[in-house]
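Undergrad: model the following, please.
(one chain, ligands or ions: 2)
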Amino acid sequence: MTKTWMAAIAAMALVVTGCRSSDPEPPENNLPDNVAPILDRDDAVDVHSFAKPLEARVYHVALDLDVDFDARRVAGTATLDIDVADDTETITLDSRNLAIEKITDIEGNPLDWSAGETSEALGTPITVTFGDARKLVVHYASGEDASALQWLTPEQTAGGRHPFLLSQGQAIENRSWIPTQDSPGIRQTWEAQITVPTALTAVMSAESVGEPVPEGETGRTFKFEMDKSVPPYLIAIAVGDIEFRPLGLRSGVWAEPELLPAAAAELADTESMISAAEDLFGPYDWGRYDMIVLPPSFPYGGMENPRLTFLTPTFIAGDKSLTALIAHELAHSWSGNLATNATWADFWLNEGMTVWAEQRIVEAVYGEEAYAQQVALSMEDLDEELGNLEDWQKPLAIDLKGKHPDDGFNGVPYDKGAAFLRTIEAEVGREAFDQFMRGWFQRHAFSPVTSSMFVEELKQYLLDGDEERAEALMLEQWVYGEDMPENLAQPPADAFAEVDSAITAFNGGGTPNSEAWSGWNTAERLRFLGGIEQDLPTVRLDALNRELALNETGNNEILFLWLKLAINNRYDPALPRLERFLTTQGRRKFVAPLITALAEDTEWGRPIAAEIYAEARPLYHPITTRGLDELNLLADIDDDKESAET
Ligand code: BES
Ligand code: ZN
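TA: Numbering: from 1, shown residues only. Ligands and ions are numbered 1, 2, ... in the order given. Now for the predicted structure:
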């Protein structure tokens, strides 16, 4: 924790309480000095939480939970430390589908509480009248289908012998298993005591404390502690038959034993990435950087849970070619986990900065050419994405009122966010920009941030208050505008010179060049598959498949582009591979576009989609199925059955 940061908090506490430092009375604000106060500004009001944190807020959570694989629920207590304003008598928590038995003070005396009206997107507000209590004990269990939790049967794991539990909190899922104020601007320290079946190991996004303690005949209790305040979406758990292998002095990987060797080999560059990141962004503040490679149902590529990044196994290609993912999740240790979007409207502050930072780590570890290629691919994705979006989705800072945060999840916060930062860098020079970014992370370490704070600080620190330069940079248009500002820094045009001429040759009718392909790296192959004509007759798809062995690729990003192309052109010979892909992993980024594309082709694709979805759905995380269920594919199957029966 930095001195400037502590001073800033002390100063804010003074403003809040209105007393001078010489006053004898202690400040009424009883926040510990490692917890940032709530940002009191309009753009920091979170429409996705029921909490009113300026009146009463949670600042520490202590979980004591039993993980019950038979009942598929966690049950126990959450003890919440709260900080309250003078004239406040109630505190509002977030929850979703929790079974709350009672809420008491720390002595066990019951407190009055009530559940408000449930909203489909946000869950149920829980309002507690706390009286003199400043510690609330919520006795509860998670409900059926808790949206953050996925319970895997043994068959859904690599080992096949033990069940597995994993959680995914971002954006507003953790309220389905932790009754706290689930808002990224309400930072909380936390600790946990987790009891699991003896054969299994529990890991969390925190420091693990001591050895597991036997609990009767059948259980073991694991303890965890996070003494840095985090936004609650970063509290995460995984339980399974997992083992650990160190990668370096401060990094290592957890995985099922079957997967561990391949996982460790793929992650061999982790220590170099951490060093590169520290050189670029300042000291790594979280102690260890470990990762867990999860079973294939994990709905994301990666999730930046502090001290323990969660990873999909689909990034394992055997040649480290998809490890920009690690650079990305590691970079979140600064962008997102130190300085955190105060609300989901400013999600780009987390993700756009992280894509920028990821690209810089890639450059430091793999060189300038790799950087240029990453940048060019990101810009190409952005171009394509912007063509498919509605206008409200195009600004960096978006209005999510009445919407689920997932509705704002697309390439804009990622790729447009990164393009914005690269544009500023191009204007002011790399050295000045890097220094500004280090300052940003330091000034806002362990604190919430908003878009307008970023714009204000760019003007103040980077542009020295020079209004004309601010104007020329088009800052407001970048952040709040829909159209791409014309000062956009273009990626180097020659990053893919050779591939681009191969694309031209192919589009002119040429045969795909297998020799050139085998000399290309993954970025080049992705460029090729994304750049060629997308409407192709079967003979040309045959040629691609034959020459480039696309159905056989072990690289899932390449496979994804190939399968998209295949669906787009009703290419039957790719169907067995498509079915295998969709029934063996549940990463939303892969699954959702492929199933949606199939479903949109009502004649050819939709029956295929229905059949595959019926088989694959049990494998998918609730986050992945949420959108896909809306396609009503399973109703098709029921209809078919019905008409077959009658
Ligand atoms: N934090 C995100 C994942 C996320 C975003 C989860 C929004 C829930 C809501 C993570 O850092 C991420 O962006 N993952 C990407 C990988 C990355 C290389 C772009 C993914 O999962 O594909
Ligand atoms: Zn990210």
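Undergrad: low-confidence ranges, the stretch 351-500 of the chain, go.
TA: For the stretch 351-500 of the chain, no stretch is flagged by pLDDT under 70.
Undergrad: which per-residue confidence value corresponds to the spatially closest residue to G318 that is not a sequence neighbour?
TA: Counting by C-beta to C-beta, 6 or more residues apart in numbering, G318 lies nearest to G554, which is 6.0 Å off, once chain neighbours are set aside. In this view, the C-beta of every residue, glycine as well, is placed from N, C-alpha and C. Note on G554: pLDDT of 97.
Undergrad: what stretches of the stretch 1-150 of the chain score poorly on pLDDT?
TA: For the stretch 1-150 of the chain, applying pLDDT under 70 flags the ranges 1-29.
Undergrad: what does it put close to ligand 1?
TA: Residues of the stretch 1-150 of the chain lying near ligand 1 by C-beta under 6 Å from any ligand atom: none.
Undergrad: quick one, strands of the stretch 1-150 of the chain?
TA: 56-68, 73-84, 90-95, 99-104, 112-115, 124-129, 135-141, 149-152 (DSSP state E, counting those that start in this stretch).
Undergrad: could those be laid out in a markdown table, adding distance to G519 and mean neighbour count?
TA: Below are the strands of the stretch 1-150 of the chain laid out as a markdown table (distance: least, C-beta to C-beta, whole Å; neighbours: other C-beta atoms under 10 Å):
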| stretch | distance to G519 | mean neighbour count |
| --- | --- | --- |
| strand 56-68 | 49 | 22 |
| strand 73-84 | 51 | 21 |
| strand 90-95 | 53 | 24 |
| strand 99-104 | 59 | 16 |
| strand 112-115 | 62 | 14 |
| strand 124-129 | 57 | 18 |
| strand 135-141 | 56 | 21 |
| strand 149-152 | 40 | 23 |
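Undergrad: among the ones you listed, which is nearest P299?
TA: strand 149-152 (8.0 Å; C-beta to C-beta).
Undergrad: re the thing from before, quick one, which of the strands of the stretch 1-150 of the chain gets closest to ligand 2.
TA: With C-beta to the ion as the criterion, ligand 2 lies closest to strand 149-152 of the strands of the stretch 1-150 of the chain, at 19.6 Å.
Undergrad: which helices and strands sit right next to the closest one?
TA: If you count contacts as 3 or more C-beta pairs under 8 Å, 6 or more residues apart in numbering; DSSP states H and E, strand 149-152 packs onto strand 164-167.
Undergrad: can you list the strands that the strand it packs on pairs with?
TA: Using DSSP bridges, the strands paired with strand 164-167 are strand 149-152 (antiparallel), strand 237-240 (antiparallel).
Undergrad: who in the stretch 201-350 of the chain is up against ligand 1?
TA: Y300, G301, G302, M303, E304, L325, H328, E329, H332.
Undergrad: now do the same for the first one: helix, strand or coil?
TA: Same thing as Y300. Secondary structure, DSSP: H, G, I helix; E, B strand; the rest coil: Y300 is coil.
Undergrad: now do the one 10 residues further on
TA: Applying three-state DSSP to F310 yields a three-state assignment of strand.
Undergrad: with F244 instead?
TA: Applying three-state DSSP: F244 is strand.
Undergrad: so what's it bridging to?
TA: W254.
Undergrad: that one and T602: what is the separation?
TA: 49 Å (C-beta to C-beta, to the nearest Å).
Undergrad: over to A171?
TA: Counting by C-beta to C-beta - A171 and T602 are separated by 32 Å.
Undergrad: more neighbours, these two?
TA: A171 (21 against 10; other C-beta atoms under 10 Å).
Undergrad: report the buried residues of stretch 154-161.
TA: Q156, T157, A158 (16 or more other C-beta atoms under 10 Å).
Undergrad: kindly identify which of the residues you listed also come near ligand 1.
TA: Filtered for proximity to ligand 1 (C-beta under 6 Å from any ligand atom), the buried residues of stretch 154-161 leave an empty set.
Undergrad: so how far is stretch 271-287 off the chain centroid?
TA: 20 Å (C-alpha atoms, centre = their mean, to the nearest Å).
Undergrad: ditto for stretch 30-50
TA: Relative to the centre of its chain, stretch 30-50 is centred 21 Å away, using C-alpha atoms, centre = their mean.
Undergrad: doesn't P257 belong to a strand?
TA: No: counting by three-state DSSP, one finds P257 to be coil, located in no strand.
Undergrad: give me the pLDDT for whichever residue of the stretch 451-600 of the chain sits closest to ligand 1.
TA: Residue nearest to ligand 1 within the stretch 451-600 of the chain: K589 (4.8 Å; C-beta to the nearest ligand atom). K589 is assigned a predicted lDDT (pLDDT) of 97.
Undergrad: that one: which element?
TA: K589 is located in helix 588-600, with elements delineated by DSSP states H and E.
Undergrad: also G439?
TA: Using DSSP H and E, G439 falls in helix 430-443.
Undergrad: what is that helix packed up against?
TA: Counting contacts by 3+ C-beta pairs under 8 Å, 6+ apart, helix 430-443 packs against helix 3-17, helix 270-281, helix 417-428, helix 451-457.
Undergrad: that one: how far from the chain's middle?
TA: With C-alpha atoms, centre = their mean, you get 24 Å for helix 430-443.
Undergrad: next SSE downstream of it?
TA: strand 447-449.
Undergrad: and the contacts of that next one?
TA: Here strand 447-449 makes contact (C-beta atoms under 8 Å, 6 or more residues apart in numbering) with 5, 36, 38-39, 44, 184-185, 187, 231, 338-342, 346, 349.
Undergrad: the same query, at a cut-off of 7 Å, please.
TA: Contact partners of strand 447-449, identified using C-beta atoms under 7 Å, 6 or more residues apart in numbering, comprise A36, L39, A44, P184, G185, A339, T340, N341, A342, L349.
Undergrad: so which of those residues comes closest to H444?
TA: A339 (3.8 Å).
Undergrad: okay, and the beta partners of that closest one?
TA: Bridge pairing for A339 - DSSP bridges - gives S335, S447.
Undergrad: contact partners for the residue in the chain that ligand 1 sits nearest to?
TA: Minimum separation of the chain from ligand 1 (C-beta to the nearest ligand atom) falls at G301, amounting to 3.0 Å. Residues near G301 by C-beta under 7 Å, 6+ apart: T312, F315, L325, R587, K589.
Undergrad: switch to 8 Å and redo it
TA: L311, T312, T314, F315, L325, R587, K589.
Undergrad: make sure the fifth one is indeed in a helix.
TA: It stands for L325. Yes: checked against three-state DSSP, L325 lies within a helix.
Undergrad: from ligand 2, how far out is it?
TA: Distance, L325 to ligand 2, by C-beta to the ion, to the nearest Å: 9 Å.
Undergrad: quick one: residues contacting that residue.
TA: Contacts of L325 (C-beta under 8 Å, 6+ apart): G301, G302, L311, F315.
Undergrad: repeat the analysis, applying 10 Å as the threshold.
TA: Shown in contact with L325 (C-beta atoms under 10 Å, 6 or more residues apart in numbering): E266, Y300, G301, G302, T309, L311, T312, T314, F315, E358, E557.
Undergrad: same check on the last one?
TA: Taking C-beta under 10 Å, 6+ apart as the criterion, K589 is in contact with P299, Y300, G301, T312, T314, F409, E557, F560, T624.
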